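S.K.: Fold the stuff below for me.
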Amino acid sequence: MLRAVSDGGENLNGSDVGGSRALSHYSMDSTGYSVSFLPKKSLLEEFSSALKDMFFAGDDPLRQYKEQPSWSKRVWLSLQHVFPVLEWGRHYTLSKFKGDFIAGLTIASLCIPQDIGYSKLANLPPEIGLYSSFVPPLIYTLMGSSRDLAIGPVAVVSLLLGSQLQNEFDPKTHPLEYRRLAFTATFFAGITQAALGFFRLGFIIEFLSHAAIVGFMAGAAITIALQQLKGFLGVRKFTTNTDIVSVMKSIFKSAHHGWNWQTILIGASFLGFLLVTKYIGKKKKKLFWMSATSPLISVIISTFFVYITRADKHGVAVVKNIEKGINPPSASLIYFSGPFLLKGFKIGVVAGLIALTEAIAIGRTFAAMKDYQLDGNKEMVALGTMNVVASLTSCYITTGGFGRSAVNCAAGCKTAASNIVMSIVVLLTLLFITPLFKYTPNAILSSIIISAVLGLIDYKASYLIWKVDKLDFLACLGAFLGVVFSSVEYGLLIAVSISIAKILIQATRPKTALLGNLPRTAIYKKIEQYQEVTTVPGVVIVQVDSAIYFTNSNYVKERILRWLEEEEERQRQQKFPQIEFLIVALSAVVDIDTSGILALEKLLRALEKRKIQLVLADPGPTVIQKLRAAKFTELIGDDKISLTIGDAVKKFAPKAVDSV
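M.R.: Numbering: from 1, shown residues only. The predicted structure is shown next:
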């Protein structure tokens with residue numbers, strides 16, 4: 001009986017179900033289907049194909065332009081690609097505006113107090129936090145492709161930026177130099193983000209695994225919350241270190257003389273209020289506005305309370321003056337030369353990558369929820385351009401925050417225009433309302449930040465990671481402990497290091513498995529997974545579950561030989577016939593290099609000394625093409641390369657098949 005394996009919806013004669021194809025993967029001979037070879041490609045064709053797979057996921061980026069009949073339409077498509085607002089703006093309606101208007105007002109009420117708090121977290125003046133929610137959202141609305149991402153400063157990036165900048169300048173004694181370095185870091189963060197998107201190098205951020213991000217965010221949340229104890233307790237002298245040991249020492253040293261009970265009362269009362277409203281908003285989705293507006297309500301009430309009681313004269317620290325007016329230009333403040341150029345570049349690259357990772361992850365989450373596509377590389381260009389412009393307009397690094405994006409989505413945003421509404425509200429605040437924040441207590445800002453960052457601790461995701469993959473959990477735990485007990489930078493380094501180590505382990509130690517036959521079928525499955533399978537007497541079947549490269553080729557060869565020795569001993573004890581064939585299943589081997597082919601040659605020679613024949617089953621098109629180019633097919637013999645494991649067993653051990 002003939003058996004054939006279809007590839008991508010092909011029928012038995014090798015043509016596509018929906019049309020015809022120039023070449024079949026499998027050719028027909030007199031005995032049945034056998035492995036066939038793809039046509040040989042030139043060096044240029046192979047190189048261009050590899051580049052397309054790497055940067056364009058196999059897609060032709062110019063396909064949509066080739067289909068257009070005129071240059072004007074191609075130019076219009078190019079503009080739409082760079083500025084998605086030209087596409088969705090044509091279909092904008094009043095009903096969409098209503099949704100965006102309400103969402104914009106809602107996230108503005110959330111972002112204004114957060115921006116003031118986050119700027120303090122970055123050791124920057126509070127007006128810079130507000131600037132950063134005015135200009136950058138406008139740029140993102142023009143270039144971004146996410147409907148739900150709400151743009152502004154975020155806690156993790158603010159902490160990371162602040163901790164790195166203060167290693168170079170003291171923000172109190174050298175405020176101008178500190179701001180200049182912040183703008184320089186923002187500029188290079190934007191350049192890095194835009195370059196990654198333009199050159200389609202977004203896969204670089206994938207090296208920070210989901211598990212590492214979960215641990216990093218949780219550690220950063222605890223670190224940020226600990227930093228807020230300075231304002232929450234009214235401590236005057238506080239450590240500049242971010243690790244938990246230094247922070248706790250600083251707190252306990254100031255316990256007898258540095259705490260202010262009025263500040264603690266304000267902070268604790270409003271923290272309780274914020275947490276209760278957040279809980280209500282989570283339990284009842286229709287009441288999301290309570291958690292969204294509670295920070296602004298807290299600021300208004302606490303500011304009024306401090307003003308009428310003049311608590312600022314009794315040790316309660318307040319924001320004091322916030323400069324009125326819109327963003328002043330800051331291009332002249334960026335370090336484009338000198339010793340701080342390189343330092344700004346290093347800080348910007350690290351902070352930019354973290355901001356990019358957070359924005360892309362959040363954008364993809366909401367895109368999946370609403371069932372629309374999000375182009376990651378296009379987002380990187382938009383975020384990068386936004387931060388470059390931000391650095392020129394007195395802003396620091398901004399990105400899409402999870403909290404405000406979740407509120408934006410819950411409030412019913414329809415497009416990115418909700419960012420414009422938020423930006424206009426922030427503009428009005430900068431022009432008219434900032435003097436009213438003069439008596440806002442720092443304790444309320446600390447409470448707002450603490451309540452916001454608690455959502456970054458995803459214990460459910462951590463538990464799931466523990467259940468699914470212990471090595472992934474190690475990356476999660478390492479990132480968490482690194483941030484909490486050392487610094488944000490070291491936590492990030494540990495997270496990346498463990499993630500890369502996992503990749504190296506998987507690349508150098510690929511999975512291999514012994515296969516057996518499911519009785520009364522031609523199906524061969526892993527023995528460790530299926531108890532019903534039986535081994536074929538005189539035959540050993542091993543499956544390799546990875547590409548065979550120089551990093552793992554020797555390990556694969558040695559592991560196959562160990563499987564053979566173990567199976568020889570087992571079959572000898574059961575008085576089976578001597579093993580004559582070793583079948584290596586290559587269906588999961590997507591590629592092989594010269595080191596991998598050399599390892600197969602060594603395996604073949606080792607088997608010849610033991611009078612065992614090597615048979616390859618189900619090699620893919622790339623593998624069989626390289627085996628033929630290296631003349632390994634001539635060495636092993638074309639008859640020793642089978643279409644399926646079942647065909648190999650039937651051909652070389654027919655008696656064994658009948659006995660199974």
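S.K.: which SS class is the residue at the greatest distance from the centre of the chain?
M.R.: Most distant from the centre of the chain: K575, at 53.7 Å, with distances by CA atoms, centre = their mean. Here K575 is coil, with the state taken from DSSP: H, G, I helix; E, B strand; the rest coil.
S.K.: So for it, what's the pLDDT?
M.R.: We have a pLDDT of 80 for K575.
S.K.: thinking A452 is in contact with V156, fair?
M.R.: No. In this structure, A452 is not within contact of V156 by CB atoms under 8 Å, at 10.8 Å. Any C-beta I mention is one placed from the backbone N, CA and C, and that applies to glycine too.
S.K.: With neighbour numbers in mind, choose between those two.
M.R.: Remark: of A452 and V156, V156 carries more neighbours, 29 against 26, as counted by other CB atoms under 10 Å.
S.K.: and that one, what element?
M.R.: In the assignment (DSSP states H and E), V156 maps to helix 155-165.
S.K.: Could you list every helix and strand in contact with the helix or strand just after that helix?
M.R.: Next in sequence after helix 155-165, counting helices and strands by DSSP H and E, comes helix 175-198. For helix 175-198, the packing partners by 3 or more CB pairs under 8 Å, 6 or more residues apart in numbering; DSSP states H and E come out as helix 155-165, helix 339-370, helix 376-392.
S.K.: Output the shortest one as PDB, restricted to C-alpha atoms.
M.R.: These are the backbone C-alpha positions of helix 155-165, laid out as PDB (Å, rounded to 0.1, in the frame of the first residue of the first chain):
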ATOM      1  CA  ALA A 155       7.300  53.900  36.600                       C
ATOM      2  CA  VAL A 156       9.900  51.300  35.600                       C
ATOM      3  CA  VAL A 157      11.600  53.500  33.000                       C
ATOM      4  CA  SER A 158      11.500  56.500  35.400                       C
ATOM      5  CA  LEU A 159      13.200  54.500  38.100                       C
ATOM      6  CA  LEU A 160      15.800  53.000  35.700                       C
ATOM      7  CA  LEU A 161      16.600  56.500  34.300                       C
ATOM      8  CA  GLY A 162      16.800  58.100  37.700                       C
ATOM      9  CA  SER A 163      19.000  55.400  39.200                       C
ATOM     10  CA  GLN A 164      21.400  55.600  36.200                       C
ATOM     11  CA  LEU A 165      21.500  59.400  35.900                       C
END
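S.K.: Other residues contacting that helix?
M.R.: Residues from elsewhere that reach helix 155-165, judged by CB atoms under 8 Å, 6 or more residues apart in numbering: 118-119, 121-124, 171, 178, 181-182, 185, 217, 220-221, 223-224, 227, 242, 347, 350-351, 354-355, 358, 396-397, 399, 401, 449, 452-453, 456, 487-489, 492.
S.K.: buried ones in it?
M.R.: Within helix 155-165, the residues that count as buried by 16 or more other CB atoms under 10 Å are 155-165.
S.K.: of all the residues you listed, which comes closest to S391?
M.R.: Distance to S391 across those (CB to CB) is lowest for L161, with 12.2 Å.
S.K.: Tell me the confidence at that closest one?
M.R.: Note on L161: pLDDT of 95.
S.K.: same deal with P171?
M.R.: Value for P171, per-residue pLDDT: 93.
S.K.: Also A513?
M.R.: A513 is assigned 93 on the pLDDT scale.
S.K.: centre of the chain versus the helix holding V156, how much separation?
M.R.: A distance of 19 Å separates the C-alpha centroid of helix 155-165 from that of its chain, computed with CA atoms, centre = their mean, to the nearest Å.
S.K.: what are the ranges of the strands in the stretch 551-660 of the chain?
M.R.: Counting by DSSP state E, counting those that start in this stretch, residue ranges of the strands within the stretch 551-660 of the chain are 581-585, 613-617, 641-642.
S.K.: and the first one, what other elements does it pack with?
M.R.: Read it as strand 581-585. Judged by 3+ CB pairs under 8 Å, 6+ apart, the packing partners of strand 581-585 are strand 539-544, helix 553-573, strand 613-617, helix 645-652.
S.K.: For the first one, C-alpha coordinates in CSV please.
M.R.: Provided in CSV are the C-alpha atoms of strand 539-544 (Å, rounded to 0.1, in the frame of the first residue of the first chain):
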residue,chain,number,x,y,z
VAL,A,539,15.8,-1.9,14.7
VAL,A,540,16.5,1.3,16.7
ILE,A,541,14.6,4.4,15.9
VAL,A,542,15.8,7.8,17.2
GLN,A,543,14.3,11.2,16.6
VAL,A,544,16.2,14.4,16.7
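S.K.: Show me what counts as buried in that strand.
M.R.: Under the neighbour-count criterion of 16+ other CB under 10 Å, strand 539-544 has 539-544 buried.
S.K.: Please identify the pairing partners of it and their relative orientation?
M.R.: Here strand 539-544 is paired, per DSSP bridges, with strand 512-517 (antiparallel), strand 581-585 (parallel).
S.K.: need those in TSV with mean neighbour count and distance to G478, can you?
M.R.: Shown next, in TSV, are the strands paired with strand 539-544 (neighbours: other CB atoms under 10 Å; distance: least, CB to CB, whole Å):
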stretch	mean neighbour count	distance to G478
strand 512-517	20	28
strand 581-585	24	36
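S.K.: among these, which is nearest S302?
M.R.: Of all those, strand 512-517 sits nearest to S302, with 63.1 Å by CB to CB.
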